[in-house]
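> Kindly generate the corresponding structure for this input.
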Amino acid sequence: MKKMTRAHVLCITNQLLICCMLLTAITLFPSCTRGFKKGTYHTKHTHYRIVPPPKPWKSIRARTANLAWLHKDGSLLMTNSQCKPSDAPLQALANHLLIGMSDIQVVHKNSLQLSDRQALQLHINAKLDGVVRSLLILVLKKDGCVYDVVLVTAPQHVAKHQKTYEEIVASFDAANRVKALKKQAVQ
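You can find the predicted model right below:
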């Protein structure tokens, strides 16, 4: 049996210490991790329920969205929330999602009730890097948060994906965020 040097012992000790610290952090602070479980997305700042799209939509990670799904035809569905109080009207918040696009055309615009709040829904055609894209956008403000659900697709795929988008919007529920986060903190 080979004799261990002091450097080896220190290295193994440090590795064990790091593993113990990680395990402790995972078990003591589970509410600090964000996640999507059983149709509910939650972080320490936000909480909402949504039914994900069916196959062939595939869940992906996106830096600019809480949740995102990619279709094999290149279409993208995403939900996002930002919990900073905003006095901006819904139209201004929707316009923020269009930054970087050109030749913007509003195909359809309507208001609807969602999660006991007025929401704005838009169908937009615009160019992104010279390529025409259709966007179905929903913007909602509730309890100090702004929520959006967005479909980005080629114009010829709008009809194919509109039902899925509408099902996701219909399932969306920004339940009382404050109450949900207090309950989450107790668990």
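> in stretch 110-129, what's buried?
Buried residues in stretch 110-129, counting neighbours by 16 or more other C-beta atoms under 10 Å, are found at 114-115, 119-126. From N, CA and C alone the C-beta is placed, and that goes for glycine too.
> residues near the nearest residue to Q82 once chain neighbours are set aside, how many?
Take Q82 and drop its neighbours on the chain: the residue closest to it by C-beta to C-beta, 6 or more residues apart in numbering is V146, 5.1 Å away. Residues near V146, counting by other C-beta atoms under 10 Å, number 20.
> got the buried residues for the helix or strand hosting V146?
Assigned by DSSP states H and E, V146 falls within strand 145-153. Across strand 145-153, burial judged by 16+ other C-beta under 10 Å covers 145-153.
> sorry, back to before: and the residue nearest to Q82, how far from V107?
23 Å (C-beta to C-beta, to the nearest Å).
> which residues sit against stretch 47-54?
36, 39-42, 59, 67, 69, 77, 79, 81, 147, 149, 164, 167-168, 171-175, 177, 180-181, 184 (C-beta atoms under 8 Å, 6 or more residues apart in numbering).
> Of these, which qualify as buried by neighbour count?
Buried among the contacts of stretch 47-54 (16+ other C-beta under 10 Å): 41-42, 67, 69, 77, 79, 81, 147, 149, 164, 168, 172-174, 177, 180-181.
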